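In: quick one: sequence and predicted model below, then my questions.
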Number of protein chains: 2
Amino acid sequence: MPFDPESLKYNDAGLIPAIAQDHATGEVLMMAWMNATSLARTLETGQVTYWSRSRQEFWAKGATSGHVQTLREMRVDCDRDCLLMQVEQVGAACHTGRRSCFYTVVDADGERITD
Amino acid sequence: MPFDPESLKYNDAGLIPAIAQDHATGEVLMMAWMNATSLARTLETGQVTYWSRSRQEFWAKGATSGHVQTLREMRVDCDRDCLLMQVEQVGAACHTGRRSCFYTVVDADGERITD
């Protein structure tokens, strides 16, 4: 039976969080949002496509920067309200040019940028 | 300067998504939500505490099951609207008894439970 994107749980804005993880190293690269259509496009094309909340449009990752994410495997969690994607990341996932968006460590004493 | 949880970006419900990753293996275990107070408690105690959206109460992970998450490192992303936590997970992160909540693979052809 084909996968039905509508079978997942979306928030009031019709979105589901999607975590991108480097398939080879396990590094968590970023978290962004998808709607049912961007999810279907991602599965169809094998290229990760998010929904940009700020621009309110489809966001084919890397379409302008070249920093595409090729999908290796997609999983959904037990509650069906979060996606985890194993990807091949070309270049930087982060708009700052860093490999991962999670470059800031926080603890009770403050924050520290790691790279 | 002490870390200020209020400096992060929360959604309209006052929540921020928090990804838990096994610090040793890199496996992504789950994604749940925190508010500023649960985040502060997590940093103070070193034990991961979420906010349960279904129960509308603090959710000290493992308080009843024993499947606690001890925080090893917390990071925030470039947009300051998502957390990534490296944790020591005792037992199962998932309420189904599985190590990770992401045990269902999806592709265009359907779904497949992996363990």
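Out: Okay, I see it. Residues are numbered from 1 along each chain as shown, chains lettered A, B, ... in the order given.

In: closest residue of chain A to chain B?
Out: A:Gly26 (2.9 Å; Cβ to the nearest Cβ). The C-beta positions use only the backbone N, C-alpha and C, and glycine is treated the same way.

In: so what's that residue closest to, chain neighbours aside?
Out: Distance criterion Cβ to Cβ, 6 or more residues apart in numbering or on different chains; nearest residue to A:Gly26, sequence neighbours excluded, is B:Gly26 at 2.9 Å.

In: could you look up the SS state of that neighbour?
Out: Assigned with DSSP: H, G, I helix; E, B strand; the rest coil, B:Gly26 falls in the coil class.

In: in chain A, which segments are predicted with low confidence?
Out: Nowhere does chain A drop to pLDDT under 70.

In: one more time with 90, if that's ok
Out: A:1-2, A:115 (pLDDT under 90).

In: residues of it that sit close to chain B?
Out: A:1-3, A:17, A:19, A:21, A:25-28, A:30-31, A:43-44, A:73-79, A:82, A:84, A:94-96, A:98, A:101-111, A:114 (Cβ under 8 Å from any Cβ of the partner chain).

In: Provide a ChimeraX selection command restricted to the buried entries of those residues.
Out: Only the buried entries of the residues of chain A next to chain B go into this ChimeraX selection, using 16 or more other Cβ atoms under 10 Å in any protein chain shown:
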select /A:3,17,19,21,27,28,30,31,43,74,75,76,77,78,82,84,94,98,101,102,103,104,105,106
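
In: if we can go back for a sec, do you know how far the residue of chain A closest to chain B is from B:Met74?
Out: Using Cβ to Cβ, to the nearest Å, we find A:Gly26 at a distance of 18 Å from B:Met74.

In: do the same with A:Met74
Out: As for A:Met74, its distance to B:Met74 is 26 Å (criterion: Cβ to Cβ).

In: just A:Gln56 next, same as before
Out: Applying Cβ to Cβ to A:Gln56 and B:Met74 gives a distance of 30 Å.

In: what's the end-to-end length of stretch A:43-59?
Out: Stretch A:43-59 has its terminal residues 14 Å apart, counting by Cα to Cα, to the nearest Å.

In: so what touches it?
Out: If you take Cβ atoms under 8 Å, 6 or more residues apart in numbering or on different chains as the criterion, stretch A:43-59 is touched by A:3, A:5, A:13, A:15, A:18, A:20, A:32-35, A:37-38, A:41-42, A:60-62, A:68-71, A:74, A:85, A:87, B:106-108.

In: ok, now stretch A:60-71?
Out: For stretch A:60-71, contacts defined as Cβ under 8 Å, 6+ apart pick out A:20, A:29, A:41-43, A:46-50, A:85-93.

In: restricted to buried residues, select these in ChimeraX.
Out: In ChimeraX, this line selects whichever of these come out buried by 16+ other Cβ under 10 Å:
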select /A:20,29,41,42,43,47,48,49,50,85,86,87,89,92,93
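
In: which ones among the contacts of stretch A:60-71 map onto strands?
Out: Judged by DSSP state E, strands contain the following of the contacts of stretch A:60-71: A:Ala20, A:Leu29, A:Thr49, A:Tyr50, A:Met85, A:Gln86, A:Val87, A:Glu88, A:Gln89.

In: between those, which is closest to B:Lys9?
Out: Nearest to B:Lys9 among the ones in strands among the contacts of stretch A:60-71: A:Tyr50, at 17.3 Å, using Cβ to Cβ.
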